[in-house]
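1. The following comprises the amino acid sequence and a computationally predicted model.
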Amino acid sequence: MAGRGRLSRDCIVEAAMRLLDREGEKAFSMRKLAADLGVDPMALYHYHANRGALIKDVLQALMETYDVPAPGPDWREDLRKLCNGLRLLARRHPGAFRVYELYEDWIPAEHRVQEAFHATLQRAGFPPQKTVRAVRLLLTYTEAFAVDEITGWLEPFDPTDREAFARSLSDGDFPVMKSLIDEIGRSDTDADFDFGLDVILRGLEAEIS
């Protein structure tokens, strides 16, 4: 195997992000990463003391790629851009984003994202408590939707899915669900996300005081 001379912290982080996006967190290991890089696994520990230290660097790099939009004249559109930016981040790096969602420590680069959310609401005139609550609501909705999207939960039914769902309703009294089965089986993730975000933004408009 190649020596660690051609390695660097950045190239290890980039390779780790690719591996996470390709195979997911459960399949990620330092040994697999070393194989991807063509090095002995022990060479990685010269740059990262352990797997946890590497994951933190990967998540830092992930959040650094988030492009915070410049503020505009409409706080609602600013929030829409911020939320869609997180969805785009999840689509670009699905494996790394799933790890980010489960990560318990603060990532320094995520503060600039949350700063943008909080600043947008304060500029709109929200008081402190409502600013914080609104950001929690927006992030919870956006990140949960993004995870469902990248993990396939929001994909439309194929014939097998439709049949399985219909069978699952057959043992109970679910007349409304049965009548809506074709609509439930459809999916337009962009339209679905916009619908939910529109509802949230309209609700927030009533809270500026």
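-> Received the coordinates, thanks.
2. residues in contact with residue 98?
-> Residue 98 makes contacts with 24-25, 147, 150-151, as judged by Cβ atoms under 8 Å, 6 or more residues apart in numbering. Every C-beta, even on glycine, is put in place using the N, C-alpha and C of the backbone.
3. Tell me the most packed of those residues, by neighbour count.
-> Going through the contacts of residue 98 with other Cβ atoms under 10 Å as the criterion, the one with the most neighbours is residue 150, at 20 neighbours.
4. Might one say that it is in contact with residue 97?
-> Yes - with contact defined as Cβ atoms under 8 Å, residue 150 reaches residue 97; the gap is 6.7 Å.
5. shared neighbours of the two, which are they?
-> Here residue 150 and residue 97 have residue 90 as joint contacts, going by Cβ under 8 Å, 6+ apart.
6. if we can go back for a sec, for the contacts of residue 98, give me CSV that also has secondary structure and pLDDT.
-> Written out in CSV, the entries for the contacts of residue 98 read as follows (DSSP: H, G, I helix; E, B strand; the rest coil; pLDDT from 0 to 100):
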residue, secondary structure, pLDDT
24, coil, 91
25, coil, 89
147, helix, 96
150, helix, 94
151, coil, 92
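7. can you give me the helices for the chain?
-> Secondary structure of the chain, counting by DSSP state H: helices at 9-23, 30-37, 41-44, 51-64, 75-92, 94-102, 110-124, 128-150, 159-169, 175-179, 181-184, 189-205.
8. Compute the inter-axis angle for the second one and helix 9-23.
-> What that stands for is helix 30-37. Angle, helix 30-37 to helix 9-23, by axes from the mean of the first three to the mean of the last three Cα atoms, to 10 degrees: 110 degrees.
9. Could you pull up the mean pLDDT of helix 30-37?
-> In this model, helix 30-37 has a mean pLDDT of 96.
10. what pLDDT does residue 1 get?
-> Note for residue 1: predicted pLDDT of 40.
11. Tell me where the model's unsure across this structure.
-> Where the chain drops to pLDDT under 70, the residues are 1-5, 209.
12. per-domain residue ranges of it.
-> For the chain, the domain assignment from automatic domain parsing gives the residue ranges 4-63, 69-205.
13. How about the contacts made by the spatially most central residue of the chain?
-> For the chain, the residue sitting closest to the mean C-alpha position, by Cα atoms, centre = their mean, is residue 90 at 4.1 Å. Residue 90 sits next to 97, 143, 146-147, 149-150 when contact means Cβ under 8 Å, 6+ apart.
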